[in-house]
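Peer 1: pasting a predicted model and its sequence here:
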Amino acid sequence: MEKTVIEQKGGLKGEVTVPGDKSISHRAVIIGSLAKGKTRIIEPSRGDDNLRTLNAFRMMGIEVDEPKVDQLIINGRGLYGLTEPEDVIDAGNSGTTVRLLTGLLTGQRFFSVITGDRYLRKRPMKRVVEPLSSMGAKIWGRENGNFAPLVINGTRLNPIDYISPIASAQVKSAILLAGLYADGVTKITEPSLSRDHTERMLRFFGANLKRDDNSVSIAGGSNLEGRKIEIPGDISSAAFFIVAALVIPNSEVLLKRVGVNPSRTGILEVLKKMGANIQLLNEYETWGEPVADILVKTSRLKGTKIEGELIPKTIDELPVLSVAASVAEGDTVIKDAKELRVKETDRIKAVASELKKFGAEVEEFDDGMRISGKDELKGCDCQSFGDHRIAMSLIIAGLMASGKTVVEDTSCIGTSFPEFKDKLFSLIQ
């Protein structure tokens, strides 16, 4: 099992690029495959999660060309151009792959089975299975459809007007993809806005889609046309460098060409409330997605509250925000984040247990935690629990801590950011 050893060194200096946005890369492959004609994807994520989605569509008859190392060409075959896979689709550790494909597969004219690794098979699927079943979908799985493997017999779907109890881009996207195959208009309303990459991309490809506050609707049978998609850098990957540069003395880092979609920039809002010196430079827009360079300088942070509508906008960044909170002045309180319990691991439990090993003061709640900042963390041996975001967060904590830190099981980082350690350590002075 791979482990990473870290020792406190100097500040971080220089420029860095992060992989193409993981969420957008998934959607570009999915929607490009459903469009007619070629979709050229520039700078897609090459993490294992994204490769799982790409392989799934290859299994369903989609031809993919790779003319350059930083490009994919998806030869889309239209809404009904997919073919039945001959084997089980393996989503690996990717919740996005399994949930979005479940929505898509319900409207196909064939049978399919989708599963994942031992971590993914523990994650709840009823949140997508129940609304899809109300559309007429035929889905079976362990514990009445709550756990993968999921067996899907594609069928004709009916539109629904669904009020979601949670703000979840995966739930919303699964329903919208199924809605492409429904006879009529499918609508979903969230309690607050989750990331909206699916809506932006579907509209860009030509879908008949409308949004009204926290509701979005899509008309079945939309004709999608292939497009060129430039994938901005993933702000969830950038988050680790942002926090590291803020809390490690004498640091100044410029992150190039990062996506700053308002539904994803909760981390910037939170850190600025904490007193962070962060600037957006060279702002522009590509196919409806805002992009900017992010300049970060060492700052003295103060504790804050992270709750309510900030949670969907920071859900993937909360582990590394917790690391920042562990050295901020005063208390940081995270609430309304029960969703963290059902990620790749129970991230509330994992963050609380591992930060305590560094000497941090953490009080765990059912839906979050309270972190009391300390002047210094101490190196320790800690566990990632097979979760890529926990692993990267603990490596950042190790750079902040005095002495040696050993993070066990860091091979999971490859699911989203295989070059993470190389890029991080190249910035250390």
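Peer 2: Structure received.

Peer 1: low-confidence ranges, the chain, go.
Peer 2: Counting by pLDDT under 70, the chain contains no low-confidence range.

Peer 1: in it, which spans are helices?
Peer 2: Counting by DSSP state H, the chain has helices at residues 22-34, 48-59, 95-105, 126-134, 142-145, 169-179, 197-205, 235-247, 266-273, 310-314, 318-325, 347-357, 388-400, 420-426.

Peer 1: which one of those lies closest to Arg227?
Peer 2: Taking Cβ to Cβ, helix 197-205 is the member of the helices of the chain nearest to Arg227, at 5.7 Å. To be clear about C-beta, it is placed using only N, CA and C from the backbone, and glycine gets the same treatment.

Peer 1: related to what we said a few turns ago, winner for burial among the helices of the chain?
Peer 2: Highest mean neighbour count among the helices of the chain (mean count of other Cβ atoms under 10 Å): helix 318-325, with a mean of 29.

Peer 1: CA atoms of that helix as CSV?
Peer 2: Taking C-alpha atoms only, helix 318-325 is exported to CSV below (Å, rounded to 0.1, in the frame of the first residue of the first chain):
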residue,chain,number,x,y,z
LEU,A,318,-14.6,20.9,3.2
PRO,A,319,-11.8,18.4,4.2
VAL,A,320,-9.1,20.8,3.2
LEU,A,321,-11.0,23.8,4.6
SER,A,322,-10.9,21.9,7.9
VAL,A,323,-7.1,21.7,7.6
ALA,A,324,-7.1,25.5,7.2
ALA,A,325,-9.4,25.9,10.2
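
Peer 1: sorry, back to before: need the helices of the chain in CSV with distance to Ile74, can you?
Peer 2: Output for the helices of the chain, formatted as CSV (distance: least, Cβ to Cβ, whole Å):
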stretch, distance to Ile74
helix 22-34, 4
helix 48-59, 8
helix 95-105, 14
helix 126-134, 24
helix 142-145, 30
helix 169-179, 16
helix 197-205, 11
helix 235-247, 23
helix 266-273, 30
helix 310-314, 29
helix 318-325, 32
helix 347-357, 32
helix 388-400, 25
helix 420-426, 26
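
Peer 1: wait, which of the ones you listed is closest to Leu224?
Peer 2: Among these, helix 197-205 sits nearest to Leu224 (Cβ to Cβ), with 4.3 Å.

Peer 1: Gly10 is nearest to which of the helices of the chain?
Peer 2: Once these are compared by Cβ to Cβ, helix 388-400 is nearest, at 10.0 Å.

Peer 1: show me what that closest one is packed up against.
Peer 2: strand 3-7, helix 235-247, helix 318-325, helix 347-357, strand 404-408, helix 420-426 (3 or more Cβ pairs under 8 Å, 6 or more residues apart in numbering; DSSP states H and E).

Peer 1: got the angle for the fourth one vs helix 318-325?
Peer 2: By that I understand helix 347-357. Per axes from the mean of the first three to the mean of the last three Cα atoms, to 10 degrees, the angle that helix 347-357 makes with helix 318-325 is 30 degrees.

Peer 1: ok, now the fifth one?
Peer 2: If you take the same axes, to 10 degrees, strand 404-408 sits at 170 degrees to helix 318-325.

Peer 1: do you know how far Ser322 is from Ile306?
Peer 2: 9 Å (Cβ to Cβ, to the nearest Å).

Peer 1: next, show the common contact partners of those two.
Peer 2: Residues touching both Ser322 and Ile306 (Cβ atoms under 8 Å, 6 or more residues apart in numbering): 332, 334.

Peer 1: which residue sits closest to Asn223, ignoring its sequence neighbours?
Peer 2: Of all residues not flanking Asn223 in the chain, Gly206 sits nearest, at 6.1 Å (Cβ to Cβ, 6 or more residues apart in numbering).

Peer 1: what's near enough to touch the closest residue to Ser133 other than its chain neighbours?
Peer 2: Among residues not flanking Ser133 along the chain, Ile139 sits closest, at 6.3 Å (Cβ to Cβ, 6+ apart). Going by Cβ under 8 Å, 6+ apart, Ile139 touches 102, 106, 129, 132-133, 145, 150-152.

Peer 1: hmm, 7 Å instead?
Peer 2: 102, 106, 129, 132-133, 145, 150, 152 (Cβ atoms under 7 Å, 6 or more residues apart in numbering).

Peer 1: Ile166: which of these is nearest?
Peer 2: Val129 (14.1 Å).

Peer 1: okay, the nearest residue to that closest one once chain neighbours are set aside and Gly107: tell me how far apart.
Peer 2: Beyond its immediate neighbours in the sequence, the residue positioned closest to Val129 (Cβ to Cβ, 6+ apart) is Gly145, lying 4.2 Å away. Applying Cβ to Cβ, the value for Gly145 to Gly107 is 17 Å.

Peer 1: likewise for Arg300?
Peer 2: 53 Å.

Peer 1: over to Asn208?
Peer 2: Counting by Cβ to Cβ - Asn208 and Gly107 are separated by 16 Å.

Peer 1: of those two, who's got more company?
Peer 2: Gly107 (24 against 15; other Cβ atoms under 10 Å).

Peer 1: give me phi/psi at the closest residue to the more buried one other than its chain neighbours?
Peer 2: Computed as Cβ to Cβ, 6+ apart, the closest residue to Gly107 that is not its neighbour in sequence is Tyr181, at 2.7 Å. Phi and psi for Tyr181, reported as degrees, to the nearest 10, are phi -110, psi 0.

Peer 1: next, the contact list for Tyr181, please.
Peer 2: By Cβ under 7 Å, 6+ apart, the contact list for Tyr181 reads 79, 107, 157, 220.

Peer 1: list the buried residues in stretch 332-351.
Peer 2: 332-337, 339-340, 343-348, 350-351 (16 or more other Cβ atoms under 10 Å).

Peer 1: cool, stretch 74-91 as well?
Peer 2: 74-77, 79, 82, 85, 89-91.

Peer 1: hmm, who's touching it?
Peer 2: Under Cβ under 7 Å, 6+ apart, the answer for stretch 74-91 is 29, 32-39, 41, 52, 56, 59-64, 97-98, 101, 108-116, 120, 149, 180-181, 226.

Peer 1: and for stretch 310-323?
Peer 2: By Cβ under 7 Å, 6+ apart, stretch 310-323 touches 167, 192-194, 236, 239-240, 243, 263-267, 269-270, 306, 334, 336-337, 339-340, 347, 351, 355, 371, 389-390, 393, 396-397.

Peer 1: straight-line length of that stretch, end to end?
Peer 2: The first and final residues of stretch 310-323 sit 18 Å from each other (Cα to Cα, to the nearest Å).
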